[in-house]
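Trainee: give me a 3D structure for the following:
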Amino acid sequence: IGLFPPTSAVVAAMPFGNTHNQMKMNYSAEQEYPDLSKHNNHMAKVLTPAIYDRLRSKQTPSGFTLDDVIQTGVDNPGHPFIMTVGCVAGDEETYEVFKELLDPVIEDRHGGYKPSDKHKTDLNPDNLKGGDDLDPNYVLSSRVRTGRSIRGFCLPPHCSRGERRMVEKLSNEALDSLTGDLKGKYYALKNMTDAEQQQLIDDHFLFDKPVSPLLLASGMARDWPDARGIWHNDNKTFLVWVNEEDHLRVISMQKGGNMKEVFNRFCTGLTKVWKKPGEALWKGWAFAMIPSNCSQIESLFKEKGHEFMWNEHLGYVLTCPSNLGTGLRAGVHMKLPNMSKHAKFEEVLKRLRLQKRGTGGQAFPQICIRAHL
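Mentor: You can find the predicted model right below:
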């Protein structure tokens, strides 16, 4: 780190430096600045040569750099009609160290959410009005999902093999404590046959194999399938993905259009208090006070001495800036053979603050909420 003057308190306090990033300092910012002339993503919209120059020598305590943040957006220009995010976080500190870039990206992606705003979350299923009778002629299935990151570990684009395996171990131990309708079992990808994996993917239970350019360019697919897997209950209506894009993806899903039932199950897994409000919890060297809104799954991790990444501005911290806040995506898999082909379909969705995600072909899009902050 002594080769170059520290650019922030974070860098100054680091016991080591990212030597590859330091080598780039032999070239000017102009020489290193990526060609974004044909890009359509939020990162490219915000990043200027001046911002690149100011941030390129910075790094988080774990060594995540500006080029690591933006590489997936550089390699994937995006679609002319679909604005992708174009950047990822490698650890919890990424959002602070590179806030000059990420704050405008977050504000643009989440409909004007400003750096001074504070995130609010309401996971009380009693406050959900309706949603129990979505037309089964059009709604094939309903699902609600969220993501969670375990504090103290790098995120998937930057984590080591050891970190990833420890996240899997902690997740397996914590989820194994769930009871009742949520009781289930963990299945590691490395122990599945190709046919078993593909069947789970085809049935929309399991994340796809790492073929997405966005996943590959960000570094999230390193060492695949090591320490990746899926936990699900016996009915496959409550699932947890481990070490895909985020440490954890918690999913409630079922066939048909009863979104209220899906959301109730989702909240049961996330918001049932495991200990009484304010009750002290000792586990090894860990000490914590369990708040009244602590989730069941979060309580299980706190029992292991770990908590989830969260702050009052960003809410729950996740790998992609699009998933910050609640990290929640509520969606229905719909049969819209004609409307989905309509020229103004995307415009209608945008006005409703919804988005289309490709699942099962153009006639069967997944329609879900767009903003999470």
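Trainee: hmm, Glu168 is touching Pro225, no?
Mentor: No: in this structure, Glu168 sits apart from Pro225 without contact. The criterion is C-beta atoms under 8 Å, and the distance is 10.9 Å. All C-beta atoms are positioned from the backbone trio N, CA, C, and that covers glycine.
Trainee: return every residue with contacts to both of these two.
Mentor: Contact with both Glu168 and Pro225 is made by residues Ala188, according to C-beta atoms under 8 Å, 6 or more residues apart in numbering.
Trainee: more crowded one of these two?
Mentor: Glu168 (19 against 16; other C-beta atoms under 10 Å).
Trainee: which element, helix or strand, includes that one?
Mentor: Secondary-structure assignment from DSSP states H and E places Glu168 in helix 161-175.
Trainee: in the stretch 1-150 of the chain, which spans are helices?
Mentor: Counting by DSSP state H, counting those that start in this stretch, the segments of the stretch 1-150 of the chain that form helices are 9-12, 19-24, 29-32, 42-46, 49-55, 66-75, 94-97, 99-109.
Trainee: save these as JSON lines, and put in mean neighbour count too.
Mentor: Formatted as JSON lines, the helices of the stretch 1-150 of the chain follow (neighbours: other C-beta atoms under 10 Å):
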{"stretch": "helix 9-12", "mean neighbour count": "13"}
{"stretch": "helix 19-24", "mean neighbour count": "14"}
{"stretch": "helix 29-32", "mean neighbour count": "12"}
{"stretch": "helix 42-46", "mean neighbour count": "22"}
{"stretch": "helix 49-55", "mean neighbour count": "16"}
{"stretch": "helix 66-75", "mean neighbour count": "22"}
{"stretch": "helix 94-97", "mean neighbour count": "23"}
{"stretch": "helix 99-109", "mean neighbour count": "20"}
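Trainee: got a markdown table for those helices, with distance to Phe263 too?
Mentor: Formatted as a markdown table, the entries for the helices of the stretch 1-150 of the chain read as follows, by distance: least, C-beta to C-beta, whole Å:
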| stretch | distance to Phe263 |
| --- | --- |
| helix 9-12 | 39 |
| helix 19-24 | 44 |
| helix 29-32 | 46 |
| helix 42-46 | 29 |
| helix 49-55 | 39 |
| helix 66-75 | 31 |
| helix 94-97 | 28 |
| helix 99-109 | 24 |
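Trainee: of the ones you listed, give the one that comes closest to Asp208.
Mentor: Between Asp208 and these, the shortest separation by C-beta to C-beta is 16.5 Å, and it involves helix 66-75.
Trainee: packing partners for the closest one?
Mentor: Counting contacts by 3 or more C-beta pairs under 8 Å, 6 or more residues apart in numbering; DSSP states H and E, the secondary-structure elements packed against helix 66-75 are helix 42-46, helix 99-109, helix 213-218.
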